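Engineer: could you work out the structure for the sequence below:
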Amino acid sequence: MKLSDLANVLRAAGLTVVETTGWATRGYDGQDLTETAGVLWHHTATARERYAADSAPTLGTCIGGRPDLAGPLCNIVLGRNGVAYLVAAGVANHAGAGSAPGVPTDLGNHYLIGIEMESSGVAPWDWTAAQLAAAPRLGAALERNYLNHLPPEMRLQLGHLEYSSQGKIDPAGWPGGMDGLRMAINDVLNNKGADTMALTDADITKLFNAAVPRQGGMKGDTSLKGMIGYNDSNLGRIINTQAAQNAQISALVGAVKAMAGGESFDEAKLLAGVEDAAAAGVSAALDSLKVTVEVPDHE
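Structural biologist: Predicted coordinates:
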């Protein structure tokens, strides 16, 4: 089989899609997939400096292959910008040697849809907010449309490290590991947060600047980011970490209400408002930042 309707499937899920020339007829040695048994997630292990000029610098290699391995090397490349670049509708050389339930040993290429996500694959982990938001939607769209012939418990969303018998480590550094990604995919499948992408730093700034009253004479930076002391890096990491995604809206609204009422608002109150949604992930993120919110004094 070919994933001939892949572009429409992904666009219907709200993803931005780029169709590379020839993707719809492309497959290793002209081969079609035997059957779709799951999705296999990879990182590209691309040198970090290449991302300064291109959101998907590995795309050409994924299409054409390497000297030691013929292309295509995946079905989809997920760029740093959250864009899904379509590479091949047929078989791609991505799985290598390995095994998984329902997949013949060492034949993962013929049964697993391969996604290469642009990342260096080394610490400090460099997943972008756009990727963290797009990947769960991508996985859910593929599962809904290409794995729906299987019982739910047989629909595979695997990291290369889980499939491989060759010691692969990808996708390294994903928040919560593959369990975190699978949880985020299930949230989309169960319509939890399915209609909104993760908030960006700019979105958060706009939200808070609109919601927090502007009172004359407040000292210093009157944006929430200024009051809390967040910077762009750690704000993005908290908001877009998948473990915290389910909790972000309720937590942020609670913070806004407290500050609008002139209250002090500390970490304990934030965690209480989060309830049980990804509490472990939120707690860990907040512990690392020692966040406390105080409304500045008036002059």
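Engineer: so where's the stretch 151-299 of the chain uncertain?
Structural biologist: 193-299 (pLDDT under 70).
Engineer: at 90 instead, please
Structural biologist: 191-299 (pLDDT under 90).
Engineer: OK, contacts around the closest residue to His94 other than its chain neighbours?
Structural biologist: Excluding the flanking residues, the one nearest His94 by CB to CB, 6 or more residues apart in numbering is Gly114, at 3.4 Å. C-beta coordinates here come from the backbone N, C-alpha and C atoms, glycine included. Neighbouring residues of Gly114 by CB atoms under 8 Å, 6 or more residues apart in numbering: 40, 42, 73-76, 92, 94-95.
Engineer: a markdown table for the residues you listed, including secondary structure, distance to Trp174 and pLDDT?
Structural biologist: Converted to a markdown table, those look like this (DSSP: H, G, I helix; E, B strand; the rest coil; distance: CB to CB, whole Å; pLDDT from 0 to 100):
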| residue | secondary structure | distance to Trp174 | pLDDT |
| --- | --- | --- | --- |
| Leu40 | strand | 14 | 98 |
| His42 | strand | 11 | 98 |
| Leu73 | coil | 20 | 98 |
| Cys74 | coil | 17 | 98 |
| Asn75 | coil | 19 | 98 |
| Ile76 | strand | 16 | 98 |
| Ala92 | coil | 21 | 98 |
| His94 | coil | 17 | 98 |
| Ala95 | coil | 18 | 98 |
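Engineer: which among these gets closest to Lys192?
Structural biologist: Ile76 (23.5 Å; CB to CB).
Engineer: test my guess that that closest one contacts Tyr85.
Structural biologist: Yes - assessed by CB atoms under 8 Å, Ile76 is found in contact with Tyr85 at 6.8 Å.
Engineer: ok, the contacts of Gly114 vs Glu118, which is closest?
Structural biologist: For the contacts of Gly114, the nearest to Glu118 is His42 (10.2 Å; CB to CB).
Engineer: rewinding a little: tell me the two of the contacts of Gly114 that are most distant?
Structural biologist: Largest pairwise distance in those, by CB to CB, is 14.0 Å, between Ile76 and Ala95.
Engineer: so where do the strands sit in the chain?
Structural biologist: For the chain, the strands defined by DSSP state E cover 17-19, 38-43, 65-66, 69-70, 76-78, 84-86, 112-117, 156-159.
Engineer: in TSV: those strands, plus distance to Leu142.
Structural biologist: Listed next are those as TSV, based on distance: least, CB to CB, whole Å:
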stretch	distance to Leu142
strand 17-19	13
strand 38-43	5
strand 65-66	23
strand 69-70	23
strand 76-78	8
strand 84-86	10
strand 112-117	6
strand 156-159	9
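Engineer: what about those strands, which gets the closest to Asp106?
Structural biologist: strand 112-117 (11.8 Å).
Engineer: re earlier: from Trp127, how far out is the residue nearest to His94?
Structural biologist: Gly114 is 18 Å from Trp127, where distance means CB to CB, to the nearest Å.
Engineer: who's Glu116 bridged to?
Structural biologist: His42, Val77 (DSSP bridges).
Engineer: neighbours of it, just the number please.
Structural biologist: Around Glu116 sit 32 other residues, with neighbours defined as other CB atoms under 10 Å.
Engineer: contacts for stretch 54-74 next, please.
Structural biologist: With CB under 8 Å, 6+ apart, stretch 54-74 has contacts from 20, 26-29, 42, 44, 46, 50-51, 77, 79-81, 83, 85, 87-88, 92-94, 114-116, 118.
Engineer: buried set for that stretch?
Structural biologist: The neighbour-count check on stretch 54-74 (16 or more other CB atoms under 10 Å) flags 55-59, 61-63, 65, 71-74 as buried.
Engineer: which one among these gets closest to Ala134?
Structural biologist: Ser55 (11.6 Å).
Engineer: could you list the domains of this protein?
Structural biologist: Following automatic domain parsing, the chain resolves into domains at 6-189, 201-289.
Engineer: so what's Val122 closest to, chain neighbours aside?
Structural biologist: The nearest residue in space to Val122 (CB to CB, 6+ apart) is Ala172, at 7.3 Å.
Engineer: check contacts around that neighbour.
Structural biologist: Applying CB under 8 Å, 6+ apart to Ala172 gives the contacts 43, 119, 121-122, 125, 161.
Engineer: from Glu143, how far out is it?
Structural biologist: Distance from Ala172 to Glu143, by CB to CB: 23 Å.
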